[in-house]
Structures are given as C-alpha cells and as structure tokens.
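*Asks:* Sharing a model that was predicted from the sequence below.
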Amino acid sequence: MSIEDDDLRRHLGASTSRRQLLKGLGLAGAGLVLGSSLLAACGDDEESDSGSTGTDAAGDTTAGSTGGTGGSSSDAGAQLAEILGIDPANAGAGMAWKMGSVLALTGPGSYYGKTMSNGIDLAVKHIKAAGGPDIEVITLDHKSGDAQAGIDAMRDLIAKGVPAKLASYVDDLGAMLPQTEQSKMFTLDGGGGTSIFGQGKPFFYGTRAITPNDALPGSLKYLKTAMPGKTKLGYIMWDLGEPVNTQIREDLLAKAEAEGFEFNGLYEVYPVGASDYSTLIPKIKANLPDILIAYGSGQDPGHFASQWYTSGGDLCPYLGFELTPDGVNAAKGAYDQYGFMFSADYFDENVGVNPLAKLFISEFQAEYGSMPDFYAANFYENTLAMWDVIRRVLAKKGDINSGEELDAAFQADLTAASVYGGDATTVGKYEVDPVTHTVVRRPMGIFQQKDGKVTPLAYFDINGDDYREA
C-alpha cells in the first residue's frame, strides 16, 4: 500500500518523528531527560511568505504557508466566527502578527511536516476570513531531528522577534526548551505533547496525550471486556534510557494493576529504530503473557508485526500505540491480514463530530483533496488556540507581540477549542494542567487497522474517563 494512497492518508496520521529523532541520537540514557542539548526542531534562517518555499545560504529548506487547491468555501470565516462566538472588538482584524512553526520539512519525517503545515495554513486562512489578524507563519525545518538545526532555528525566531510558535518533537526532544524559556516564546506542541521529560517547562505546553501512558487505562477497560480471562500483561518498550525507562515502567504497571491486570514479569526494552526482532521475540515466547503491550512508533511496530506473525509457535494478542504510513509499509501486509490494534488520540470522521471538526474536515477536503490526519487536526486547532490567546490579550489592551503576555493569558484559562470531543452542537475542548503543562483531558480511543481500513473499537479520555464502546 502506498503512503500516497488516499485511503491511507485518510486514516493514518501518527508520526515517525520520535523514532527517527531518537534513532539519530543513539539515546545515551539520562541525556534524554535533561534534554538541554538534544534534538531541535528547525534549521533555517529564511522567513517564508504564504505560498512560498526557498533555501538559505546553507541549502536548508524554508517553508511558509504551502497553500492548496484553493477550493475551500468562501464563507468558512463567517462559519468559524459563529462557531467560536468571536467578538469582533477583540478579534484583531487588520493586525499583522508573526508566529513560528518548527517542523520536519525534510528528512524521514517530512510527511508529517507537510500535514502539520497544511493544518496551520488552513487555520491561518480561516482566522483572517473570520475577522482575525493576518498571521505570518515563519516555518523552519528541523530536518526530522537535527540538534543544531533546532538551536539555530530558535536563534532565528528570536532575532525576528517572534513571540510564539508551534512545535513538534517535544520542542525537538528538549534542545529548544532552554531557548524557549529564555526568550519567553509561548509554545504549543501538538506533535509530541510534553512526553515525560518536557513536563512543567516554562512557556511550553503539550496538547496531545502522552503515549503510551495516557492511553493505557482506557485500552485496558476495552481489553477486559473483549478478552475476558486474559489478565496477565507483558511489555516491550523503546529503550529511552534512565530515568525515563523506570518512570514509564512504574507508571504503566501501576495503571494496569489499578485496572485489575497482573504483570507476568516480561518487561523488555529494545533499541529505537530496530528492524530485527529475532532476539526479542524468543524472550517474549519464553514468558508469553496473555496480552502483550508493545510501545514503539514509525516503522518499528510494522517490522515487529511482520516478524511476530511469521515466527511460528505460540503467539498472543498485542496492543500498539501508533499507526503510521511507515509502519503499514514495514508490516508487509501483516496489519491488514492479522489486524493491528492500537490506542491513541486518533482523528477521523468518526472522531470529528463537533461543529468545529465538521467545518475543518469539509474545508480541509476542499483545500487539499483528502481527509485530514490527526497531526493536521492538532495543528489546525493549535493555530486557533493562538488566536484565542491573542484575543484575550487584546481584550486587556495588552501587547500581542509579548510572549510573556500571551503565556499569562493562556495560564488564566488553560482550555482551548478542539476538533476532538464535543457533540453535534457543542465544540470540543482540551485542557492543560497548570503544573505539568500537559493535557488533562484529551479524547482517545482503541482502534484496529485491518483489510485496508481503520475501525474504532472504543472511545475514552485520559485515565479511561468517559469510556464507551464504539
């Protein structure tokens, strides 16, 4: 199946970014947690106007609004203003505002940089049409995980006086966090969230659930019903070094115990970016659990699936946590033949039921000719969140070019409109914790990829709240 296939683009929205970045780093233990010199997210110096791309003197790619087919409806702005209840007095009409965007435009994660950019660009177009400011997006390339590129990108954004940015790869797995704090650049990361190591960082907020931890409780509620009597869990996890490995392990085991599951003693970590599981699979079979909890991203889950199902002997069902185009290709048909069960904050037409989501889906299809994936959804709503914060500052006669004032305005009400959740008449919301800066409410679900399509099995929120079967 080609990653350009419309059906795949419709359903697959998770990123290889963390896998590719961590693979490039080699993951030397505690360095991941400290994060001060790790991966960064951007790498060129040029601003890009809407609809343009270019290269700087070093040959790095720059991109601003990539545009689309221009097929979105002319009244989208009016619809958006009505859905969000915009007060024209504080909407920012006629004002110019700069926002950074630090994405994977080149390298193995370039698919994700493009889909994130599409979400941003559509939101910028809608905001202006709805009576909001003219947002100039300075989009820089972190090259799918280059530490120096990220550091250079932050320097460039700071030099240009950019007060806020959208980020991916947990502000490039930490390399940009010190500069984010020092420059007081208000930041939302809808690509990697905060993860474990990015929690509580000043001016930095994660707007997606932490994987796999946040998704496990709701998943286990489903497995308890779907697979009665299967109570012994084993785990295989990415090796993220210490103390992150221990933090993840303790949290997962505690959450599983709270749901009535037992630990069978199997807990193996494996290298990020692994393609050969010939030594790991025998260890699983030597202590076969009732259900295997398998965390990895990008191609890794696909490679594991293809080798697991052809390894012979006794097997057990397993649960993954991300579905990606690379993973589908690496699975060599195993996902479609045997089924791949995964749990994530995934977005499709079954999830996007609220008025804002329906407008977004319709407009995205008109603009780009395909269904949006969850990264496009995340960055669309995060761009709208930036506008919300701007309106809050304007209502207080403040300075929208001050990252400190934008951050204070967000902290005053840590909620934002969302294309996830809600219902046919009510817009969804996500909420961020004031201490950890990670989401405390985020609609998620457990799904299955099989026979070329994704089927929802159950929906829930963080900690398994609001659980319901699909």
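*Replies:* That came through fine. Numbers count the residues shown, from 1 in each chain.
*Asks:* Tell me the pLDDT of the residue sitting nearest the centre point of the chain.
*Replies:* Taking CA atoms, centre = their mean, the centroid of the chain lies closest to G191, which sits 2.9 Å from it. Listed pLDDT for G191 reads 86.
*Asks:* what number of residues lie near the residue lying closest to it once chain neighbours are set aside?
*Replies:* Of all residues not flanking G191 in the chain, S168 sits nearest, at 3.2 Å (CB to CB, 6 or more residues apart in numbering). C-beta here means a position set from N, CA and C on the backbone, and glycine is covered the same way. Number of residues near S168 (other CB atoms under 10 Å) recorded here: 29.
*Asks:* so what pLDDT did the residue nearest to Q307 when sequence neighbours are not counted get?
*Replies:* The shortest distance from Q307 to any non-neighbouring residue, by CB to CB, 6+ apart, is to Y277 (4.8 Å). We have a pLDDT of 97 for Y277.
*Asks:* Within the helices and strands, which one has Y277?
*Replies:* Per DSSP states H and E: Y277 is located in neither a helix nor a strand.
*Asks:* Contact partners for it?
*Replies:* Y270, H303, F304, Q307, W308 (CB atoms under 8 Å, 6 or more residues apart in numbering).
*Asks:* from those, which ones fall inside helices?
*Replies:* The helices, defined by DSSP state H, take in H303, F304, Q307, W308 from these.
*Asks:* Need the contact partners of the strand or helix carrying Q337.
*Replies:* Secondary structure from DSSP H and E places Q337 in helix 334-338. Here helix 334-338 makes contact (CB under 8 Å, 6+ apart) with 1, 302, 305-306, 308-310, 327-328, 340, 449-452.
*Asks:* Reformat those residues as CSV; add pLDDT.
*Replies:* What follows is these, written out as CSV (pLDDT from 0 to 100):
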residue, pLDDT
M1, 36
G302, 93
A305, 97
S306, 97
W308, 98
Y309, 96
T310, 96
G327, 85
V328, 90
F340, 97
Q449, 94
K450, 95
D451, 94
G452, 90
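*Asks:* Now a ChimeraX select for only the buried ones of these.
*Replies:* Applying 16 or more other CB atoms under 10 Å to the contacts of helix 334-338, the buried members can be selected in ChimeraX as follows:
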select :302,305,306,308,309,327,328,340,449
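*Asks:* Looking at the contacts of helix 334-338, which one is closest to I86?
*Replies:* Nearest to I86, judged by CB to CB, of these is Q449 at 38.4 Å.
*Asks:* Report the buried residues of the helix or strand containing that closest one.
*Replies:* Following DSSP H and E, one finds Q449 within strand 444-450. Buried positions in strand 444-450, judged by neighbour count with 16+ other CB under 10 Å: M444, G445, I446, F447, Q448, Q449.
*Asks:* Identify the bridge partners of the second one.
*Replies:* Same thing as G445. A344, Y459 (DSSP bridges).
*Asks:* Wait, it touches Y459, no?
*Replies:* Yes: here G445 reaches Y459: they are 4.4 Å apart, a contact under CB atoms under 8 Å.
*Asks:* I'd like the distance between the residue lying closest to G100 once chain neighbours are set aside and A254.
*Replies:* Leaving out its chain neighbours, the residue that sits closest to G100 by CB to CB, 6+ apart is K165, at 3.2 Å. Per CB to CB, to the nearest Å, K165 is found 35 Å from A254.
*Asks:* which ones are touching the spatially most distant residue from the centre of the chain?
*Replies:* Going by CA atoms, centre = their mean, the residue of the chain most distant from its centre is G313, 36.2 Å out. Neighbouring residues of G313 by CB under 8 Å, 6+ apart: K285.
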